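In: Turn this into a model:
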Amino acid sequence: MPNSSSISEFLLLALADTRQLQLLHFWLLLGIYLAALLGNGLISTAVACDHRLHTPMYFFLLNLALLDLGCISTTLPKAMANALWHTRAISYAGCAAQVFFFLFFITAEYSLLTIMSYDRYVAICKPLHYRTLLGSRACATMAAAAWSTGQAPWRLYRLD
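Out: Modelled structure (predicted):
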């Protein structure tokens, strides 16, 4: 009889052992999550609805808000559920999905922040060439490149 074992779930470290502290952590995480949802939702709505904000800087800000929503939505709901229901387990597939999406969104955010710094550099140092260097097509291409760089870390690993 061969010796075999398989991992179906991981046990997470608890933030607190007492029920009162777990509920405090839940309410704290819920407040942070709702604040992030509200703030990023307001940014997205303002940029989408006001035609004066249809400039490259606000276009990149809209993309950053969407990436931030994705980033915070990968880890916080599971942490809140664990704190509320007094559980510590996460499935192997759930853990892999969380790591994948978190790294995807973080990598894309860093790429977009780099692009935003280039946008501000052009606006400050080369104001006369701003519209030529950062037209709508160039901005869309740079935003698409930022979103696609989120997949780059996973090209290094081969999942068997």
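
In: now Leu21: how far from Trp27?
Out: 11 Å (CB to CB, to the nearest Å). (C-beta placed from N, C-alpha, C; glycine too.)

In: If you could redo that for Arg19, that was the one I meant.
Out: For Arg19, the distance to Trp27 - CB to CB - is 13 Å.

In: residue closest to the middle of the protein?
Out: Cys71 (2.1 Å; CA atoms, centre = their mean).

In: Is that residue inside a helix or a strand, and which specific one?
Out: Assigned by DSSP states H and E, Cys71 falls within helix 56-85.

In: what helices or strands is that helix leaning on?
Out: If you count contacts as 3 or more CB pairs under 8 Å, 6 or more residues apart in numbering; DSSP states H and E, helix 56-85 packs onto helix 19-49, helix 92-125, helix 136-149.

In: angle of the longest one against helix 136-149?
Out: Per axes from the mean of the first three to the mean of the last three CA atoms, to 10 degrees, the angle that helix 92-125 makes with helix 136-149 is 150 degrees.

In: Ala108 is in contact with Leu67, isn't it?
Out: Yes: using CB atoms under 8 Å, Ala108 makes contact with Leu67 at a distance of 5.4 Å.

In: What is the neighbour count of the closest residue to Ile32 other than its chain neighbours?
Out: Once flanking residues are discounted, Ile32 sits nearest to Leu76: 7.1 Å by CB to CB, 6 or more residues apart in numbering. Neighbourhood size, Leu76 [other CB atoms under 10 Å]: 16.

In: what sits against Leu76?
Out: Leu29, Ile32, Tyr33 (CB atoms under 8 Å, 6 or more residues apart in numbering).

In: What distance do you get for the closest residue to the first one other than its chain neighbours to Cys71?
Out: I take that to be Leu29. Distances taken as CB to CB, 6+ apart place Met80 nearest to Leu29, at 4.8 Å, with adjacent residues excluded. Computed as CB to CB, the Met80 to Cys71 distance reads 15 Å.

In: and the closest residue to Val47 other than its chain neighbours, what is it in contact with?
Out: Spatial nearest neighbour of Val47, chain neighbours left out: Leu62 (4.3 Å); criterion: CB to CB, 6+ apart. Contacts for Leu62 (CB under 8 Å, 6+ apart) come out as Ile43, Ser44, Val47, Ala48.
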